[in-house]
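Asker: Got a predicted structure here, sequence first:
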Amino acid sequence: NLPRYEAAAFVLARHTPEVPLLHFANLRGEYLGVEATADGTRVSMRNGAGGGRLVYAAAEPGDRSRPLQADATNFEPRTTVWYAGAMEAKDRVFSPVRVDATWRQLLVSLSQPVYDADGGAAGVIAVDLHLQRLHGALRTQRISARGGAFIIDEKGLLVASSAGDALFEPGPDGQLVRRGPADSANAAIRAGFAGLQAMRAAQSADSVQLDTRLQRLPLAGDALLLVQRPFGEALGLRWVLVVAAPESDFTAGIRQSWLHAAVGGGAAIAIGTLIAFLMAAAFGRGMRRVSAAAEQLGRGEVPAAVRT
């Protein structure tokens with residue numbers, strides 16, 4: 001019964017900027033989407049008979065008085081990355097990072113199956129999570145005079161960069177394609193990523209453990225200090241946070257342990273964005289708590305619904 005989710009979706013979409021779009025789809029191919037836009041909330045619906053989505057500008061849940069342009073082509077929610085991923089995992093799962101061409105920023109989808117009374121999967125709930133806030137937060141961190149920090153996903157592509165690097169660019173076919181740390185404007189980030197690749201190449205094929213020790217890597221006329229840490233591992237993400245800086249940036253009064261502290265600080269600044277991830281999980285566990293959680297988030301507090 002997809003319409004029963006609409007009221008809770010309105011609250012989360014309106015009060016959480018990082019969660020602009022929520023999806024609901026069932027085994028019959030029925031779909032409900034709630035999206036917060038600059039012009040207000042938009043609701044998209046598709047019945048199980050097939051075809052495109054009907055779209056409405058909605059002032060409140062259930063409002064269908066202002067139809068907008070409907071999809072011109074068929075929309076099949078069961079083939080989307082968020083639906084297929086949750087059904088395959090049979091658990092909460094993040095999609096790969098991708099570019100949202102409409103909002104012009106990176107996003108991931110967090111989705112999880114919904115089960116019926118008999119324990120069978122009845123459909124999928126998903127939220128799109130924008131990552132611009134994480135990128136912006138990392139930009140505010142001063143690592144050292146020439147140092148930098150960056151976050152990469154499991155493909156080795158940029159999720160965020162302290163250098164303010166563009167995270168995507170137009171490809172040969174006009175489609176937006178993601179960029180990697182090797183394209184960074186910051187020399188320490190470029191060197192750090194090259195060192196990271198060399199370290200990974202030297203690992204055995206079956207090793208997945210990150211080497212989180214402080215590394216001292218060769219650098220022309222200097223040495224590069226580098227530390228990497230798993231990022232979002234407890235949430236199911238396979239991202240890595242890397243901090244790199246030339247050794248000469250550090251005076252005798254600043255020991256190498258400072259770099260470890262920088263990594264901790266880099267992780268801490270992402271808490272605001274990760275709250276949105278955790279709220280999405282709380283949404284699946286109990287939608288009645290969403291309204292209170294969104295209100296707390298607006299005050300800059302950690303929602304009680306996501307405390308562990």
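Answerer: Structure's in. What do you need?

Asker: P20: what's its closest spatial neighbour, skipping adjacent residues?
Answerer: The spatial neighbour of P20 that comes closest, neighbours along the chain excluded (CB to CB, 6 or more residues apart in numbering), is A36 at 5.0 Å. C-beta here means a position set from N, CA and C on the backbone, and glycine is covered the same way.

Asker: cool, and G171?
Answerer: The shortest distance from G171 to any residue other than its chain neighbours is 4.0 Å, reached at V177 (CB to CB, 6+ apart).

Asker: quick revisit: can you name the residues bridging to the residue nearest to P20?
Answerer: As for beta bridges, A36 partners with T41 under DSSP bridges.

Asker: Could you count how many residues lie near it?
Answerer: Residue neighbour count, defined by other CB atoms under 10 Å, stands at 20 for A36.

Asker: same thing with G40?
Answerer: In terms of burial, G40 registers 12 neighbours under the definition other CB under 10 Å.

Asker: What of E76?
Answerer: Each residue near E76 was counted by other CB under 10 Å, and the total is 15.

Asker: State the phi and psi torsions of the closest residue to it other than its chain neighbours.
Answerer: Nearest in space to E76, with sequence neighbours left out and distances taken as CB to CB, 6+ apart, is G29 at 6.7 Å. With angles defined as degrees, to the nearest 10, G29 shows backbone torsions of phi 90, psi 10.

Asker: Tell me who's in contact with G29.
Answerer: 46, 48, 50, 76-78 (CB atoms under 8 Å, 6 or more residues apart in numbering).

Asker: now do Y115
Answerer: Y115 sits next to 121-122 when contact means CB under 8 Å, 6+ apart.

Asker: Tell me what it is bridged to.
Answerer: According to DSSP bridges, A121 are recorded as the beta-bridge partners of Y115.

Asker: For it, give its distance to V81.
Answerer: Applying CB to CB, to the nearest Å, one obtains 21 Å for the distance of Y115 from V81.

Asker: if I read this right, G50 contacts T73, doesn't it?
Answerer: No: the pair G50 and T73 does not pass the contact test of CB atoms under 8 Å, sitting 11.2 Å apart.

Asker: quick one on the thing from earlier: identify the residues contacting the residue nearest to G171.
Answerer: For V177, the residues meeting the contact criterion (CB under 8 Å, 6+ apart) are 99, 168-171.

Asker: One more pass at 10 Å, please.
Answerer: 99, 157, 168-171 (CB atoms under 10 Å, 6 or more residues apart in numbering).

Asker: mind listing which of those residues are in helices?
Answerer: Counted as lying in helices by DSSP state H, out of these, is not a single one.

Asker: Now which of the residues you listed would you call buried?
Answerer: 99, 157, 168 (16 or more other CB atoms under 10 Å).

Asker: Any idea what the last one is bridged to?
Answerer: Beta-bridge partners of F168, counted by DSSP bridges, are R178.

Asker: And it, what's its pLDDT?
Answerer: If you check F168, the pLDDT there is 97.

Asker: now swap in P113 and tell me
Answerer: In this prediction, P113 carries a pLDDT score of 88.

Asker: Would you agree it is in contact with F24?
Answerer: No: with contact defined as CB atoms under 10 Å, P113 does not reach F24; the gap is 11.7 Å.
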